[in-house]
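J.: What follows is a predicted protein model with its sequence.
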Amino acid sequence: MGLAVESNNGHGVEESKYQRGVRHLCEEGIERVPRKYVFPVSERPNLDTERNNVCYGSSQTLKLPVIDFARLQGSNRSQVLKCLANACEEYGFFQLVKHGIPSEVIEEMGSVGRRFFELPYEERCKYMTPDMRSPVRYGTSFNQNTDPFFCWRDFLKLSCHPLPQHLPSWPSNPSDLREVAANYSTKTKFLYLKLMEAILESLGVKETAPKLMEDHESDRMAKDLENGSQIVMVNCYPACPEPDLTLGMPPHSDYGMLTLLLQDESVQGLQIHHGGRWVNVEPLPNSFVVNVGDHLEIFSNGKFKSVLHRVLVNPSSTRISIASLHSLSFHSTVRPSPKLIDEANPRRYKDTDFASFLHYISSVGHKDKNFLETRKLT
């Protein structure tokens with residue numbers, strides 16, 4: 001498809017409208033992708049190739065490792081732990097099934113997220129702010145303060161910890177959003193803590209047998225995880241008239257420990273960079289896609305890797321996804337575990353924290369794994 005963008009002769013969309021989000025543009029009935037959203041040629045998805053090799057075939061569709069959470073809690077735990085460690089090492093991603101969160105909780109969260117984006121702009125914009133530290137934020141693109149070109153995405157960010165502190169500031173419309181999102185965030189936080197317990201065990205930094213002596217590092221980590229940050233991000237990728245010109249999200253890694261992603265089962269879009277190419281992640285019904293974040297890569301001293309991923313947009317359907325992003329608290333320091341450092345495996349990363357990450361992306365922007373690269377020692 002040829003490049004079709006608005007001209008500069010007065011018929012284009014004013015710059016201020018871009019800040020109002022993609023939904024607002026679509027509600028005005030645009031038929032072409034505004035110039036602000038057109039990615040450089042080298043960064044655009046090659047959708048002719050994608051359609052031939054990914055969407056309608058299997059050669060570029062990646063089947064991620066599947067972790068059965070129920071088996072992780074049973075007698076086969078040691079075997080599942082090995083599969084979990086391999087997934088985090090080789091892929092940085094896995095699909096989590098039989099996770100114990102009722103399907104109605106998931107369906108209600110998807111429904112209320114979609115209904116929020118269907119509200120009139122005047123209602124949605126009450127929560128618009130350029131402040132990335134705001135506990136509740138309706139925004140657009142990736143970082144609308146620094147992005148040289150915008151991606152085809154709006155989002156609602158809900159800070160969830162501590163829940164009693166943040167809940168009163170969440171949107172009250174739709175009327176069930178607070179109750180539904182609070183229930184969802186509580187259940188995903190419990191699931192995250194159980195997964196991190198297993199991951200620490202698979203790394204060998206948490207013992208399975210009863211402790212015979214004090215283990216201050218394990219105790220401190222357990223407390224840091226319990227008190228850590230949680231952000232629920234509801235993403236909306238509206239149908240795009242020219243999907244080969246833009247992206248829903250550019251290539252990036254997640255900053256935290258783990259992200260639990262609820263995919264839109266009816267509209268594909270997530271791709272990860274694996275084996276030197278971009279591959280689709282096909283949604284599994286009633287599952288989470290879980291990925292390693294930069295902080296877990298640092299904590300594991302590079303044994304587990306955060307992986308680049310991106311989002312394609314669809315020409316005919318809006319896609320909704322819900323990410324629950326988890327890490328340590330805002331002021332906690334993330335460093336490689338001393339138990340994973342020795343003569344054969346020297347320390348590979350500097351100390352960091354969430355505040356440093358926010359400062360970096362607020363001033364420089366977040367692209368690929370650029371923040372993590374600033375943390376490397378070797």
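T.: Yep, it's here.
J.: Please enumerate the helices of the stretch 151-300 of the chain.
T.: Here the stretch 151-300 of the chain has its helices, by DSSP state H, counting those that start in this stretch, at 163-166, 177-203, 216-226, 294-299.
J.: Can you say which of those helices is nearest to residue 264?
T.: Among these, the nearest to residue 264 by C-beta to C-beta is helix 177-203 (15.5 Å). Glycine gets a C-beta too; all of them are placed from N, C-alpha and C.
J.: what's the angle between the closest one and helix 216-226?
T.: Between helix 177-203 and helix 216-226, the angle comes out at 160 degrees (axes from the mean of the first three to the mean of the last three C-alpha atoms, to 10 degrees).
J.: could you say what helices and strands helix 177-203 packs with?
T.: With contacts taken as 3 or more C-beta pairs under 8 Å, 6 or more residues apart in numbering; DSSP states H and E, helix 177-203 sits against helix 69-72, helix 77-90, helix 103-117, helix 163-166, helix 216-226, strand 230-237, strand 258-262, strand 319-326.
J.: Report the distance from it to the chain centre.
T.: Here helix 177-203 is found 14 Å from its chain centre; the criterion is C-alpha atoms, centre = their mean, to the nearest Å.
J.: low pLDDT regions in the stretch 51-200 of the chain?
T.: Along the stretch 51-200 of the chain, segments meeting pLDDT under 70 span 51-59.
J.: ok, back up a step: mind putting the helices and strands packed on helix 177-203 in TSV, mean neighbour count and distance to residue 282 included?
T.: Output for the helices and strands packed on helix 177-203, formatted as TSV (neighbours: other C-beta atoms under 10 Å; distance: least, C-beta to C-beta, whole Å):
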stretch	mean neighbour count	distance to residue 282
helix 69-72	17	19
helix 77-90	17	16
helix 103-117	17	18
helix 163-166	13	33
helix 216-226	14	30
strand 230-237	23	17
strand 258-262	24	13
strand 319-326	24	14
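J.: Now render those as TSV, adding distance to residue 299.
T.: Output for those, formatted as TSV (distance: least, C-beta to C-beta, whole Å):
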stretch	distance to residue 299
helix 69-72	20
helix 77-90	11
helix 103-117	28
helix 163-166	25
helix 216-226	8
strand 230-237	17
strand 258-262	11
strand 319-326	13
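J.: just so I know, which of the helices of the stretch 151-300 of the chain lies nearest residue 26?
T.: So among those, helix 177-203 is nearest, using C-beta to C-beta, at 21.7 Å.
J.: buried set for the closest one?
T.: Buried positions in helix 177-203, judged by neighbour count with 16 or more other C-beta atoms under 10 Å: 177-178, 180-185, 187-189, 191-192, 195-196, 198-203.
J.: if we can go back for a sec, and of the helices and strands packed on helix 177-203, who's closest to residue 291?
T.: strand 258-262 (5.1 Å).
J.: Run the angle between that closest one and helix 103-117 for me.
T.: 80 degrees.
J.: Adjacent strands (with direction) for strand 258-262?
T.: strand 288-292 (antiparallel), strand 319-326 (antiparallel) (DSSP bridges).
J.: now that strand: mean pLDDT?
T.: Averaging pLDDT along strand 258-262 yields 98.
J.: Likewise for stretch 360-374?
T.: 71.
J.: Span of it from start to end?
T.: With C-alpha to C-alpha, to the nearest Å as the measure, stretch 360-374 spans 10 Å from end to end.
J.: do stretch 239-249 as well
T.: Terminal-residue distance, stretch 239-249 (C-alpha to C-alpha): 14 Å.
J.: what about the stretch 251-378 of the chain, any weak spots by pLDDT?
T.: 361-368.
J.: cutoff 80 now
T.: 354-370, 378 (pLDDT under 80).
J.: Strands of that one, start to end?
T.: 258-262, 270-274, 277-281, 288-292, 309-311, 319-326, 333-334, 352-353 (DSSP state E, counting those that start in this stretch).
J.: Select, out of those strands, the one closest to residue 74.
T.: strand 288-292 (19.0 Å).
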